[in-house]
Structures are given as C-alpha cells and as structure tokens.
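> Got a sequence here, can you build the structure:
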Amino acid sequence: MEASARPDSTAPDLLTASELLRALASPVRLGIVRELASGAKRVHELVAALGVNQPLVSQHLRVLRTSRIVAARRDAREVEYTLVDDHVAHIVLDAIRHSQE
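Coordinates of the predicted model:
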C-alpha cells in the first residue's frame, strides 16, 4: 500500500509517535533512557552517570514522567526510576548506534 493510500486512522498514531520523539529530543533525556535501559536507577546514580547536576536530571525526569516514558517508585527517602516500556530503550539505543556509524 502506498503511503498516500493509507487511511486517516494513522493520524492519531503519528501524533502520538511525534509526541514521544519530542519528549526524547534532548541529549540528557536520551542519556537517562540509555541508563535506565540497563535497569532501575536513583537520581544520584543518573547524576553520576550523566555528569550533569541533580536539578537538571530532575527536570528532565519530570518531562519523561509526564510523557509516560519513565515511572517513579519511592524507596524510603529516595525515588527509583524505571522505563515504562522497553520499546523506548530500543528506539534510543538504535538511534545512538546509528549515529555512531
């Protein structure tokens, strides 16, 4: 089927996909997703891995949470972050690999 022959029902899917990509459109957010691809992390672990300050990591985590890319779980005094869906990790890791070619 040609792209122009596709039904309009794909428009909401394209909008959702573009919102996902917009939420990922930051080197820090890509780094956060890359780090979370290997498992749950706390903010201080993300700060150390990414080499940026805690307020900046928290700000980007807020964007990723709002976009439902990451989820937060309180563990005593700290919050642990995980990816909601492993598909996002594949998108980010593939994009990073592609940029290295």
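
> Measure how far stretch 40-48 is from the centre of its chain, please.
Stretch 40-48 has its C-alpha centroid displaced from the chain centroid by 14 Å (Cα atoms, centre = their mean, to the nearest Å).

> And for stretch 60-73?
Centroid separation between stretch 60-73 and its chain, computed with Cα atoms, centre = their mean, is 8 Å.

> What of stretch 81-97?
7 Å.

> avg pLDDT for it?
Across stretch 81-97, the average pLDDT comes to 95.

> Could you list the buried residues of it?
For stretch 81-97, a neighbour-count test (16 or more other Cβ atoms under 10 Å) marks 81, 83, 88-89, 91-92 as buried. Yep, even glycine has a C-beta here, placed from its N, CA and C like the rest.

> so of the residues you listed, which ones are in helices?
Judged by DSSP state H, those include 88-89, 91-92 as members of helices.

> mind listing what residue 56 touches?
Contacts for residue 56 (Cβ atoms under 8 Å, 6 or more residues apart in numbering) come out as residue 28.

> Relative to residue 49, how far out is residue 40?
13 Å (Cβ to Cβ, to the nearest Å).

> just residue 93 next, same as before
From residue 93 over to residue 49 (counting by Cβ to Cβ), the distance is 15 Å.
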